[in-house]
Every structure is written in structure tokens, then in C-alpha cells.
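Student: My questions are about this predicted structure, shown below with the sequence.
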Amino acid sequence: MRSTTMMFPFSLFTTIKISDRIESLRDAESKLLDFAKTRFVHSDHSHSFELFDTPIPPPSVLKHTDDTEKKNKKRKCQVFDDVEHYSLHGVKVVNKQLADLEQQTNTQQQRKSPPAPLVLLHGYANGSLYFYRNLHGLSKFFGHVYALDMLGWGLSSRPAFHLNNTKDDTNNYYNNSVKSAEQFFVESLESWRAHHNLPKMTLAGHSMGGYLSVAYAEQYPQHVEKLILLSPVGVPIKVDSEDEQRVNSLPFYVRAMIHTVRAMFNRGITPGYFLRSLPNSKSRAMVHGYITNRLPAITCEEEQQVLGEYLYQNSMLPGSGEDCLCEILTAGAFAKVPLLHRIPEIKSSGGNGEGLEVHFIYGENDWMDWRGGMDVQRLCHQKTQDTKATNNQLSSSSHSPPKVFVHGVRNAGHLLMLENYQEFNAAMAVASGREGDLPPGMPRSVEFICDEGALRLLPIRVVVVPTKFHSEAAVERLS
């Protein structure tokens, strides 16, 4: 491991060794994992937790930084010694009962087989242990749960984000730069999947992880059993007048913060870059203040401190994956190539003619616009109807559009997996087809539909939800 010190732009303050930062991050990760094992355990099913590092080849879009690197086939990592292979770090949780069931081919019990292993991708500037409140609860419904540090974040390798632009038929630099940034993550995830020999995954991504999950499913639909998008970024198309109206409706201090962040964004300054330019005490205080203000649901001071330290050390390591921000998004968190019209084109994962199931899950107080999920649902529904009207039935040469469901988690915002972990876990169970395994009394999430026709097709009852969700038909499945 390198013992070099961290030198940041504009920083004239005390530097800290990268190796010390990594050890601090590992320590915070270990404590969050202990919380997962001891504080958020709600059943007695047999399970195991394991941290792992998986070797992967460098993504093809990465540039060689110098001739020596190219000649010696060694890649620079910024935080670890130069290596032939990069690695993806993560945590694996195994429910031994369900895992054994996956291996059984002849059983007398007529029980529904478990869903494909769950693979969780974190959001921007987060890491795998942001799911520490969910790991054990989700393992009740999945034989295997994997939460990954995506390439360039957490304790995974951190190559400098210097990419070769891919080429497409349009030869459009704008689209090519987006494609290259997506490939950095898509190729590394596919290498990880192949290493672990997972034919199918239940792929779930939060925020930026949701966006990148869609990019993966576009290229490898055969390996995605279900796609679960947790408050994903980049769904709607930006409408300047609506964006301006939304910002102007916010309190003054929020508007000021948004304008400041957008100005920094337009200059290529990422949140991590900004933090690393501050004195250590100031950057640490900002991160811990963020945890306190954004996550009032976490009332334990020790838990706040550990989660804050995890986020802080993650952000203070040299930037890598964080540099995708300006390549993929515009100021205001709108995608340069929005997902709205990409998701309906994702091919089916199986040969039964059914479209891929795509589930959106939003928080009640989410700053991501949940109506983006509803718009995708409408487009997919309309595309299915148009195809049937044209061909009278879906032909073998055409693929069925995805089947889209939209869920809401009450008393939660954008970090819904932390703010209301029980209802979040319930929404994940419903999305994976394991609603029948939910224990009596466990809070159920709300499901939304786009029109009355769909309402008649679902075994549901309408419920009144006194929240911002009320403008659409809100429903809960009957158990």
C-alpha cells in the first residue's frame, strides 16, 4: 500500500497519509458492519457476513497514463500499489437457508424458488455500507446479498478518471463522453459478475447507482432478472421553465446553496474536490453536519459519528469515480442522456416474451422527482399497447417493453434505505416477488399506477396518503 501523503489543489493545510485514510475508512466500515449484525437483526435465520475484494481487469475506456504503465502492463491506482488488476470491494451476506434452497433441485415442498442474488449499487460519493441498516433484513428474501463499492469509490481501486471516448454511429462527442463514463462502471460490474459466475442478478441501484444500473441492463439484459431503481438520478428530461419554478419555490438559503453548487459544478468542482480543499477540521465538520441534518432518523450519536466518518474518509481519498458527475449529468442533476426514453428500450431478460420488470422506489420527501418513474411507466404501457395494436400480438422479432412499477416509502427522503429501513426492505421484498414472506405487521410500501386501466388489473386497494404522492392514484397490494 502506498505511504504517500495526500496533496490537494489549493490546500495549504496538514496532509494525511493515504494509508491512514484507508485504515480509518476500514475501521468505519467494520463498525457499520457490526451495526448490521447486531442492531438491525429482525429474525433468527442463519446467515453470514463477509467482506471481499474481487480482481477485475481495467475498463477498456481507461487511458494509459504513461508509456511505462503501458509497457509493464501495470495500472496506477492512486491509493494502492500499481497492479495488473483492479479490484471491487464489497460485503456479501448469505442466508444459509435460502442459499441451500437454491441448490436443491428435488424438493417435496412446492415453494417458490428464491429470486436471483441481490446486487446493491450505492449512490454518488457513498459506498456499500450505506446499506448497513438493510443487509440482514434483505437477506430474509434473498439467498445472497452483495453490496459493492463501485470502481473509483470506497475501498475499491481508484484509477484516475482519464477516459478514451467511445465512438458510436452519430460520432457525437457529447454522447460519446457520456458513453465512456458509463462504460467505466458497466465494464467493471460485468467483470465482477463474470468472476462470481452469476447467471442472473436482481440489480438494485441508488441514485447514481440506479442510473448506472440502467446502463448495465441496456448492455447485459440477459444477466438481469429484475431491475430496481432506488430514487434514481437522470430519469426526466430537463424543462428549463419547470426547473426554474421549482428552484424559486424553495427557501432563500436553499436557493443560494443550489446556485453555489451549480456554479461549482459548471467549473468541474466535485463535492469531494471541494472538501479536500478545506482544512481537515472544516471538511470533517461539514460532513458530520450533513449526516445530522439529512438523517434525523438516525438518533444514536455513535451511529451518526461512525456513518459520518465513513462518508468523510470516503470523500477525502483521491477522486476517481466522483469525476463521472460532470460527464453524465448537467447542473441540476439532469442527465445529458436521460433515462426516460432509454428504459422502455431495454430488452427482456428471458425467452418467455415477458418484458423485464423494472421497479422504481422513491421516498415520500424525495428530492428526486418520482413523477419520472410514472412517466416511464406510461411510456412502457403505451408502447406495449401500440405494439399489440400494430401486430395484434407481440411478434417473435420484437421485444416486450419493460413492465414498470412505482413504489413509495413513507417518512423518508432521498436516503430512504437509511431513513425508513423497514418499509424500504418491504418495498424490496414486493419488487422481488417475495411479498408473501413479509411478517405480519411489517410496514408495507405504497404503490402507484399511472391510469385507471392499470388499477383494474392489480389486486390492490386504494389508500389515502396525505403526502405529496396524493396527486396520483396511490395503492397498496392486498396480502
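Tutor: Yes, it's here.

Student: residues touching residue 335, list them.
Tutor: 211, 233-235, 328-329 (Cβ atoms under 8 Å, 6 or more residues apart in numbering). C-beta: built from backbone N, CA, C; applies to glycine.

Student: Okay, and which of those residues map to helices?
Tutor: 211, 328 (DSSP state H).

Student: Save the contacts of residue 335 as a markdown table, and put in neighbour count too.
Tutor: Formatted as a markdown table, the contacts of residue 335 follow (neighbours: other Cβ atoms under 10 Å):
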| residue | neighbour count |
| --- | --- |
| 211 | 28 |
| 233 | 25 |
| 234 | 25 |
| 235 | 27 |
| 328 | 22 |
| 329 | 20 |
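
Student: between the contacts of residue 335, which is closest to residue 47?
Tutor: residue 211 (30.2 Å; Cβ to Cβ).

Student: Counting neighbours, what do you get for residue 293?
Tutor: 8 (other Cβ atoms under 10 Å).

Student: typo on my end, residue 47
Tutor: So residue 47, with other Cβ under 10 Å, has 20 neighbours.

Student: Tell me the pLDDT of it.
Tutor: Listed pLDDT for residue 47 reads 84.

Student: try the one 10 residues further on
Tutor: What the model reports as pLDDT for residue 57 is 93.

Student: What is the neighbour count of it?
Tutor: 13.

Student: any idea how far residue 87 is from it?
Tutor: 11 Å (Cβ to Cβ, to the nearest Å).

Student: now swap in residue 203 and tell me
Tutor: 20 Å.

Student: Who has more neighbours out of these two?
Tutor: residue 203 (28 against 20).

Student: tell me the secondary structure for that one?
Tutor: Following DSSP: H, G, I helix; E, B strand; the rest coil, the label given to residue 203 is strand.

Student: Contacts only, for it.
Tutor: Per Cβ under 8 Å, 6+ apart, neighbours of residue 203: 119, 121, 213, 216-217, 224, 226-228.

Student: Point out the other helices and strands that the longest helix seen in the chain packs with.
Tutor: The residue-count maximum for a helix in the chain (DSSP H) belongs to helix 173-195. Packing contacts for helix 173-195, counted by 3 or more Cβ pairs under 8 Å, 6 or more residues apart in numbering; DSSP states H and E, involve strand 47-56, strand 86-95, helix 208-219, helix 325-328.

Student: Between these, which one is closest to residue 435.
Tutor: The nearest among the helices and strands packed on helix 173-195, by Cβ to Cβ, is strand 86-95 at 17.1 Å.

Student: so the closest one versus helix 173-195, what angle?
Tutor: 50 degrees (axes from the mean of the first three to the mean of the last three Cα atoms, to 10 degrees).

Student: In the sheet, which strands lie alongside strand 86-95, parallel or antiparallel?
Tutor: According to DSSP bridges, strand 86-95 has the following sheet partners: strand 47-56 (antiparallel), strand 144-148 (antiparallel).

Student: ok, and which of the ones you listed has the densest surroundings?
Tutor: Most buried of the strands paired with strand 86-95 by mean neighbour count (mean count of other Cβ atoms under 10 Å) is strand 144-148; its value is a mean of 25.

Student: So which residues of the chain form strands?
Tutor: Ranges of strands in the chain, per DSSP state E, are 47-56, 86-95, 118-121, 144-148, 201-206, 224-230, 329-330, 334-335, 357-363, 403-409, 446-449, 460-462, 473-477.

Student: Any chance of CSV for the ones you listed, columns distance to residue 181?
Tutor: Formatted as CSV, the strands of the chain follow (distance: least, Cβ to Cβ, whole Å):
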stretch, distance to residue 181
strand 47-56, 17
strand 86-95, 17
strand 118-121, 15
strand 144-148, 18
strand 201-206, 15
strand 224-230, 18
strand 329-330, 10
strand 334-335, 11
strand 357-363, 22
strand 403-409, 25
strand 446-449, 31
strand 460-462, 39
strand 473-477, 36
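
Student: any idea which of the ones you listed scores lowest on pLDDT?
Tutor: strand 460-462 (a mean of 34).

Student: sorry, back to before: which members of the contacts of residue 203 define the maximum pairwise distance?
Tutor: 121 and 226 (14.0 Å).

Student: Among these two, which residue is more densely surrounded?
Tutor: residue 121 (28 against 23).

Student: By mean pLDDT, flag the weakest helix or strand of the chain.
Tutor: Of all helical and strand segments in the chain, the minimum by mean pLDDT, DSSP states H and E falls on strand 460-462, at a mean of 34.

Student: now the stretch 351-479 of the chain, which segments are flagged as low pLDDT?
Tutor: 351-353, 391-398, 450-479 (pLDDT under 70).

Student: Relative to residue 377, how far out is residue 385?
Tutor: From residue 385 to residue 377 the distance is 13 Å (Cβ to Cβ).

Student: Looking at these two, which one has more neighbours?
Tutor: Just comparing residue 385 and residue 377: by other Cβ under 10 Å the higher neighbour count belongs to residue 377, 24 against 12.

Student: who's in contact with the more buried one?
Tutor: 360, 404-406, 449-450.

Student: how close does it get to residue 384?
Tutor: Residue 377 is 11 Å from residue 384, by Cβ to Cβ.

Student: coming back round to it: quick one: mean pLDDT for the longest helix of the chain?
Tutor: 91.

Student: Extract the C-alpha set from that helix and format it as CSV.
Tutor: What follows is helix 173-195, C-alpha atoms only, in CSV (Å, rounded to 0.1, in the frame of the first residue of the first chain):
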residue,chain,number,x,y,z
TYR,A,173,-18.7,13.9,-28.7
TYR,A,174,-21.5,14.8,-26.2
ASN,A,175,-23.0,11.2,-26.4
ASN,A,176,-19.6,9.6,-26.6
SER,A,177,-18.2,11.2,-23.5
VAL,A,178,-21.3,10.0,-21.6
LYS,A,179,-20.9,6.5,-23.0
SER,A,180,-17.3,6.4,-21.9
ALA,A,181,-18.2,7.4,-18.4
GLU,A,182,-20.9,4.8,-18.2
GLN,A,183,-18.6,2.1,-19.6
PHE,A,184,-16.1,2.7,-16.7
PHE,A,185,-18.7,1.3,-14.4
VAL,A,186,-20.6,-1.1,-16.6
GLU,A,187,-17.5,-3.0,-17.7
SER,A,188,-16.2,-3.2,-14.1
LEU,A,189,-19.6,-4.6,-12.9
GLU,A,190,-19.7,-7.1,-15.7
SER,A,191,-16.2,-8.3,-14.9
TRP,A,192,-17.3,-8.7,-11.3
ARG,A,193,-20.4,-10.6,-12.2
ALA,A,194,-18.4,-13.0,-14.5
HIS,A,195,-15.8,-13.6,-11.8
